[in-house]
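Peer 1: here is my input; please provide its structure:
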Amino acid sequence: MAAPPVVDLVEHRADSGMLEAAMRTTTRFLLPALALLAAACGPSAPKNPEILWDEWGVPHVYAGDEAHLFHAFGWAQMQSHGDLVLRLYGQARGRGAEYWGKDYLDGDRWVRTLGIPERAADWYAVQSPDFRRDLDAFAGGINEFAKTHPDEIADDVRVVLPVTGVDVMAHAHSVVHGLFVADRSYVAGARAHLAEAGSNAWAVGPARSASGHALLLANPHLPWYDLFLFYEAHLVGPGVDFYGATLVGFPVPVIGFNDHLGWTHTVNTFDGADAYELRLAGDGYLFDGETVPFETEEQTILVKEDDGTLREETLTVERSRHGPVIAKDGERAVALAVVGLDQPDMLVEWWDMARASSLLQFEIVLKRLQIPMFNVIYADREGNVLYLYGGRVPRKPEGDYAFWETGTADGTTSSTLWTGTLAYDELPRVLNPPLGWVQNANDPPWTSTFPPVLDPDDYPAYLSPRAMHFRAQQSATLLAADASITFDELVKYKHSTRMLLADRLLDDLFAAVEQQGGERAKAAAAVLTAWDRCADAGSRGAVLFFEWARKMGLNQISPAGYGRYAEGMAARFPVAWDPASPFTTPDGLGDPAAAVAALEQAAAEVEERYGSSDVAWGDVYRLRVGDRDLPANGGPGDPTGIFRVLMFRPDEDGKYRAVTGDTFYLAVEFSDPPRAEVLTAYGNSSREGSPHHGDQLELFARQEMRPVWRTREEVEAHLEGRTTFSLF
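Peer 2: The predicted structure follows:
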């Protein structure tokens with residue numbers, strides 16, 4: 001394969017407007033060709049592709065060309081997550097019920113209603129020949145592993161084989177557009193975010209970094225199961241030496257760093273899917289005073305019965321001007337508009353981001369806006385830090401964020417339709433702010449740095465709400481409090497379990513108990529007085545405080561539905577959040593008597609369940625993966641304000657198991673070479689019997705991270721195994 005042309009770019013710090021000028025004047029770019037010549041960039045690769053497996057089960061994939069790199073990466077994912085990969089691909093085909101039964105039927109209906117399998121085939125067909133080859137090579141690695149290791153594939157998922165490049169595309173499309181942009185709760189005709197998706201992210205520039213090197217913290221929070229699992233990997237080939245992670249089944253990294261730069265994502269306050277209410281008329285719906293017929297298609301879904309036979313179910317897919325119909329009731333229907341369905345190059349955009357070597361190159365890739373959502377937080381070796389409210393933001397005719405996020409628009413008129421999407425230059429963006437840092441903890445873009453440099457009045461009201469939840473306040477407070485942040489401090493702050501909500505409310509609660517509390521309330525207040533206000537494993541008082549917060553209904557104002565978040569805060573705090581005092585509001589107890597009563601009830605219940613109101617946090621909240629059972633540290637980011645996020649579900653023994661929160665996380669200092677530490681909380685394999693299923697949990701429990709090994713010498717020194725491939 002011929003090497004792509006070298007792109008001549010001017011390297012410079014971008015704090016003087018030079019970047020914007022260069023981007024305006026740069027026109028000679030072949031966008032798919034951002035990788036430099038192999039001889040000019042990246043380490044030399046072995047002749048035969050190979051995977052070096054380190055002692056944590058991380059694949060370091062080396063290849064002399066892209067096709068072999070993708071092939072080996074597909075193989076690696078199968079060795080670590082084979083059954084899961086095949087199950088996810090089967091679901092992305094809309095054939096889960098055919099393969100595994102009725103429990104997958106709703107998912108099949110959703111995938112097919114959105115048109116994901118057909119659109120994935122269309123997207124695959126319009127990829128460049130080189131990237132189609134890469135997708136096929138990735139699928140080929142999956143198939144080769146399954147062929148050569150049949151005993152490591154569960155019997156019930158073999159039906160998915162062989163997989164194709166279209167399957168790879170369909171899975172990524174299903175996850176990003178069918179889950180993050182528009183989740184399945186739309187089936188009920190109501191908007192609800194993926195409540196368990198979130199993240200923290202920091203980029204610290206030289207003005208704030210003790211070493212003078214930029215720092216990056218990547219800290220996504222997703223469920224610890226199924227399609228949400230991250231896969232940690234190191235890819236080395238022509239023009240690329242990238243360490244990071246992707247979601248299982250994706251062929252390209254989505255978070256991480258190379259020698260020059262790095263980035264991470266957070267879920268932004270983004271509304272890219274809107275419900276429209278249609279008024280039915282005849283065989284269609286009313287639109288601008290006329291009856292318009294639905295585009296109708298009947299599909300047959302096969303459903304595997306308990307006896308192994310297949311029954312047929314007919315799915316009628318109706319499409320309106322707005323999008324597919326997802327609900328019907330009497331004379332009305334609900335149709336769903338989803339952004340980004342005409343943007344087929346999401347995966348190649350991530351791949352080109354990984355191969356960029358400067359801010360200018362990186363932003364040229366970002367300007368494609370093929371990835372439909374997500375904030376981008378970026379840092380590089382030149383000292384630049386960047387925040388971008390990324391994605392395809394629909395251009396809407398009216399209304400604020402709360403309406404479009406939670407309401408249903410009038411579908412009888414063209415006046416409510418989207419009119420395209422916002423251009424890159426219209427999106428909130430912060431580059432090298434005065435105090436040298438940017439952050440995001442799923443809060444609106446206006447709070448990405450302090451003092452603020454973005455004015456929400458300069459942007460459409462529907463773009464994002466105006467509020468700042470407690471975890472975001474804690475994030476910004478940690479950064480603002482330290483004028484000279486070392487790498488070790490970055491790691492330390494990342495593990496902070498401080499409950500900001502306690503700092504905000506305990507003084508008022510203690511005063512209320514003193515005035516009107518009984519003996520039980522005063523005993524509980526004494527426990528909270530002695531508490532360290534953290535959710536570390538040994539913190540005594542954290543369980544009691546968290547139970548009190550739940551009794552007060554504070555857990556009901558999670559920013560999962562951010563459009564109404566400010567209203568929920570105002571209803572529970574007499575002092576509302578104030579952008580002029582972003583780190584000290586909201587505050588106060590609206591009903592002191594109710595707060596005291598809730599404390600008494602919380603203390604009684606905690607004592608009854610666990611024997612003492614000062615039970616240690618880690619005795620109740622646990623880390624359980626495989627056969628490991630360890631005390632947890634960290635907790636829900638909202639409403640508590642904990643930066644080290646974990647969310648829990650009740651377990652059979654009355655304790656709580658971590659199921660969501662810190663997953664893959666990464667700290668990078670952009671020295672030469674970069675210094676980095678990493679952890680994948682649940683381990684880098686979901687395969688039954690793998691030593692890497694949960695093997696990093698002990699480090700997680702100790703609030704430690706692992707060094708990143710990127711040089712071949714480092715990897716060889718920590719080698720667990722080697723897989724070598726023949727050239728094809």
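
Peer 1: any idea how many residues pack against the closest residue to residue 539 other than its chain neighbours?
Peer 2: Once flanking residues are discounted, residue 539 sits nearest to residue 617: 4.6 Å by CB to CB, 6 or more residues apart in numbering. All C-beta atoms are positioned from the backbone trio N, CA, C, and that covers glycine. Counted with other CB atoms under 10 Å, residues neighbouring residue 617 total 26.

Peer 1: the one 5 residues further on too?
Peer 2: By other CB under 10 Å, the residues close to residue 622 number 20.

Peer 1: residues touching residue 282, list them.
Peer 2: residue 291 (CB atoms under 8 Å, 6 or more residues apart in numbering).

Peer 1: so how far is residue 293 from it?
Peer 2: 8 Å (CB to CB, to the nearest Å).

Peer 1: hmm, the residue nearest to residue 539 is touching residue 544, no?
Peer 2: No. Contact criterion CB atoms under 8 Å: residue 617 and residue 544 do not qualify, at 9.9 Å.

Peer 1: the residue nearest to residue 539: what's it in contact with?
Peer 2: Residue 617 is in contact with 535, 536, 537, 538, 539, 540, 542, 543, 631, 632, 633, 635, counting by CB under 8 Å, 6+ apart.

Peer 1: burial count for the fifth one?
Peer 2: Using other CB under 10 Å, residue 539 has 21 neighbouring residues.

Peer 1: got the contact list for it?
Peer 2: Contacts of residue 539 by CB under 8 Å, 6+ apart are 497, 531, 532, 616, 617, 618.

Peer 1: that older thread, out of the contacts of residue 617, which is most surrounded?
Peer 2: residue 542 (31 neighbours).

Peer 1: which one is that one nearest to, not counting chain neighbours?
Peer 2: residue 617 (4.2 Å).

Peer 1: ranges for the strands of the stretch 201-350 of the chain?
Peer 2: 215-223, 230-237, 240-247, 255-257, 261-266, 273-281, 284-287, 290-293, 295-304, 310-319, 325-329, 332-338 (DSSP state E, counting those that start in this stretch).

Peer 1: just the angle between the last one and strand 325-329, please?
Peer 2: Using axes from the mean of the first three to the mean of the last three CA atoms, to 10 degrees, one finds that strand 332-338 and strand 325-329 are set 160 degrees apart in direction.

Peer 1: so what strands line up beside strand 332-338?
Peer 2: strand 273-281 (antiparallel), strand 325-329 (antiparallel) (DSSP bridges).

Peer 1: got any ranges where the stretch 501-650 of the chain has weak pLDDT?
Peer 2: For the stretch 501-650 of the chain, the stretches with pLDDT under 70 are 556-571.

Peer 1: mind listing the strands for it?
Peer 2: Going by DSSP E, counting those that start in this stretch, the stretch 501-650 of the chain shows strands at 621-625, 628-631, 646-650.

Peer 1: who does the helix or strand just after the last one touch, helix- and strand-wise?
Peer 2: I take that to be strand 646-650. Of the helices and strands lying after strand 646-650 in sequence (DSSP states H and E), the nearest is strand 656-662. Using 3 or more CB pairs under 8 Å, 6 or more residues apart in numbering; DSSP states H and E as the contact test, the elements touching strand 656-662 are strand 215-223, strand 621-625, strand 646-650.

Peer 1: setting aside sequence neighbours, what's the nearest residue to residue 419?
Peer 2: Closest to residue 419 by CB to CB, 6+ apart is residue 395, at 4.8 Å.

Peer 1: residue contacts, the one you found?
Peer 2: Residue 395 sits in contact with 418, 419, 420, 421, 422, 460, where contact means CB under 8 Å, 6+ apart.

Peer 1: ok, now with 10 Å
Peer 2: By CB atoms under 10 Å, 6 or more residues apart in numbering, the residues touching residue 395 are 417, 418, 419, 420, 421, 422, 423, 426, 460, 462, 463.

Peer 1: confidence score at the third one?
Peer 2: Which is residue 419. pLDDT recorded at residue 419 is 95.

Peer 1: so it touches residue 396, yeah?
Peer 2: Yes. Counting by CB atoms under 10 Å, residue 419 sits close enough to residue 396 to count as a contact (7.8 Å).

Peer 1: what about residue 544, how many neighbours?
Peer 2: By other CB under 10 Å, neighbour count at residue 544 equals 26.
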